[in-house]
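Novice: predicted coordinates and the sequence they were generated for:
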Amino acid sequence: MAKILVVDDEPDICEILKEMLEGDGHAVTVAGDGHAATRLLDTERVDLILTDIFMPGKDGLETIMEIRRDHPAVKIIAMSGGGRTGELGYLADAVRLGAFGSISKPFEEARVLRTVRDALAS
C-alpha cells in the first residue's frame with residue numbers, strides 16, 4: 001500500500017481518483033491546488049503524487065519543479081486534458097521536469113492503475 005496525493009482543482013476528478021486508488025489498496029489524500037500540495041508535503045510523507053497541470057494559483061509544472069527540488073524521492077505523475085488550449089505538450093514538459101509519467105484526461109481506470117503501479121515499482 002502506498003500513500004498517494006492527488007492534486008486537482010476539480011473536486012469530481014479528485015473523488016474519482018481517490019475511490020479508484022483506494023480500491024486498489026492505497027491511502028489517498030487530496031489537495032485542490034499546488035500550494036495546498038506543497039504545504040501538505042511539509043508535514044506528511046507521500047510515495048506518489050498525481051497532479052493536474054492546469055490549476056489556478058500554482059500550476060502543475062511549478063508544483064512539479066518545487067517537489068523535485070524539495071522532495072526528490074517522491075514519484076510524480078502529471079495529468080492534463082489540455083486546458084483551455086487543448087494542447088497536451090505540457091505533459092511532455094512535465095516529464096522533462098521530473099515527472100515519472102503522464103496521463104491524459106479523460107482517463108481510463110486501467111491506464112491510471114497501470115501507470116501508478118509502474119511508478120511505484122520504479
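Specialist: On my side now, so go ahead.

Novice: CA atoms for contacts and neighbours, from now on please.
Specialist: Noted.

Novice: so where is this protein shaky, pLDDT-wise?
Specialist: Within the chain, the stretches with pLDDT under 70 are 82-88.

Novice: tell me where it has strands.
Specialist: For the chain, the strands defined by DSSP state E occupy 3-7, 27-31, 48-52, 75-80, 101-104.

Novice: the residue nearest the centre of the chain bridge partners, please.
Specialist: The centroid of the chain falls nearest to Leu50 when counting by Cα atoms, centre = their mean (1.4 Å). Beta-bridge pairing for Leu50 (DSSP bridges): Val6, Ile77.

Novice: do I have it right that it meets Val6?
Specialist: Yes: assessed by Cα atoms under 8 Å, Leu50 is found in contact with Val6 at 4.9 Å.

Novice: and the contacts of stretch 67-80?
Specialist: Stretch 67-80 is contacted by residues 38, 46-54, 60, 64, 88, 90-91, 94-95, 98-105, 116, 119-120 when judged by Cα atoms under 8 Å, 6 or more residues apart in numbering.

Novice: buried subset of these as a ChimeraX selection?
Specialist: To isolate the buried members of the contacts of stretch 67-80 in ChimeraX, using 16 or more other Cα atoms under 10 Å:
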select :38,46,48,49,50,51,52,53,54,60,64,88,90,91,94,95,98,99,100,101,102,103,104,116,119,120
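
Novice: wait, which of the strands of the chain is closest to Met20?
Specialist: Closest to Met20 of the strands of the chain, according to Cα to Cα: strand 27-31, at 9.7 Å.

Novice: the closest one pairs with which strands, and in what direction?
Specialist: Pairing partners of strand 27-31, with direction, according to DSSP bridges: strand 3-7 (parallel).
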